[in-house]
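# Take a look and give me a structure for this.
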Amino acid sequence: MLKIYFSGEDILRTRVAPAADPVWELVLSLHLLRGRSRDPMMAAWRRTVAGGLRRESASEQLHLLLALNPPRGYFPDFLTPYASVGGFEAGLDAVRSTPAQLLRRDLAVLAGENPLPPSASALARGEPEALRALTGSMERYRSVAISPYWGRIQAAVEADRVRRARAVLDGGVEGLLASLRPNMRWDSGVLEVRDYPDSRELHLDGRGLLLVPSFFCARTPVALLDPALPPVLAYPVDRLGGLLPAGDEAGPVTGRETLAALIGRTRAAVLEASDDGLTTGEMARRLNISPAAASQHTAVLRNAGLLVSQRDRNTVLHTLTPLGRAVLDA
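Okay, the predicted model is just below:
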């Protein structure tokens, strides 16, 4: 069991990641891809991705990435840097900037449990070319295993974020932590992660905790091994029916699809996202568009009377008007 100890200051500093974390999803998907899980919702994804990787001309370059992510047990902390909360490129930049001493330490721990290929030696020395090759393989893997499914992954994570937001409104941060059951239990300042593979204690010491809702996290939440790193806990979300590549989802045309055909898919997505009340930056991150594009789309919808935008210091919050909600629900 993992026990995470909170002070009053830690509770104030605990938050949920603003969107699906692309680096955490990439790493955890590697574990799920090669694990023993027989989850029927993920079976088609596993077959498709495995076939795509076999066809990859650079599959040999993926060998180290696969070796760094065994299906069970420890994987290196440096692969999921805190900076990835800012997006995929920020996460890859942080991986490429990992100090050599941290690379040596993490790889030594991994090598104690799993054999590593010869290319891991250059990585352990922090050679820039080895780090670039590693992040290049992460980009190639992402194009096969993550990008075609990113919309469904984002939707599942966002649905979980809405659930956690309601928990905060009803019970504050302690209500949020209590809502993480049944995989976790909140009791008197301690968050207990059940079925954790090791017996550990993590004292937050005033740093708070970043909760990362994850589509590819298996049943047990995941924390970093190094207690000196910014505390992060990835936890599983409801997968909302599994994965299908973009364009493969069958079914009758819905009102939302009709709306997308009328005003454009991105603008319809902006309108739908505004149902939760988002800033321009949050909108850009959720929809994977630039802040400038998000601002442009919200301006058009605002001028049409579908959104209202309220400025608070350096941010602008966008929410639906009654007309906007009626259009969205039509």
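# Disregarding residues adjacent in the polypeptide, which is nearest to Glu113?
Gly73 (5.5 Å; Cβ to Cβ, 6 or more residues apart in numbering). Just so you know, the C-beta spots here come from the backbone N, C-alpha and C atoms, and that holds for glycine as well.
# Next, count neighbours for that neighbour.
For Gly73, the count of nearby residues is 11 (other Cβ atoms under 10 Å).
# Next: Ala304.
15.
# May I have the phi/psi pair for it?
phi -90, psi 0 (degrees, to the nearest 10).
# Quick check: bridge partners of the residue nearest to Thr315 when sequence neighbours are not counted?
Among residues not flanking Thr315 along the chain, Thr279 sits closest, at 4.6 Å (Cβ to Cβ, 6+ apart). For Thr279, the beta-bridge partners are Leu317 (DSSP bridges).
# shouldn't Thr279 be in contact with Asn314?
No - Thr279 is not in contact with Asn314 according to Cβ atoms under 8 Å; the separation is 9.5 Å.
# So these two - more neighbours on which side?
Taking neighbours as other Cβ under 10 Å, Thr279 and Asn314 compare with Thr279 leading, 19 against 7.
# Contacts only, for the more buried one.
Shown in contact with Thr279 (Cβ atoms under 8 Å, 6 or more residues apart in numbering): 315-318.
# Next: Ile263.
Contacts of Ile263 (Cβ under 8 Å, 6+ apart): Leu271.
# if I look at it, how far off is Val193?
Note on Ile263: its distance to Val193, by Cβ to Cβ, to the nearest Å, is 44 Å.
# what's the answer for Tyr141, then?
Tyr141 is 27 Å from Val193, by Cβ to Cβ.
# before we move on, what about Thr135?
Distance from Thr135 to Val193, by Cβ to Cβ: 30 Å.
# who's more crowded, those two?
Neighbour count, other Cβ under 10 Å: between Thr135 and Val193, Val193 has more, with 21 against 17.
# what's near enough to touch the more buried one?
For Val193, the contact set (Cβ under 8 Å, 6+ apart) comprises 1-4, 183-184, 220-221, 223, 233.
# Those in strands, which ones?
2-4, 184, 223, 233 (DSSP state E).
# Show me the one in those that has more neighbours than the rest.
Most neighbours among the ones in strands among the contacts of Val193, by other Cβ under 10 Å: Ile4, with 24 neighbours.
# which helices and strands sit right next to the longest helix along the chain?
Identified as the longest helix of the chain according to DSSP state H is helix 150-178. Using 3 or more Cβ pairs under 8 Å, 6 or more residues apart in numbering; DSSP states H and E, the elements in contact with helix 150-178 are helix 8-12, strand 15-16, strand 184-187, strand 210-214.
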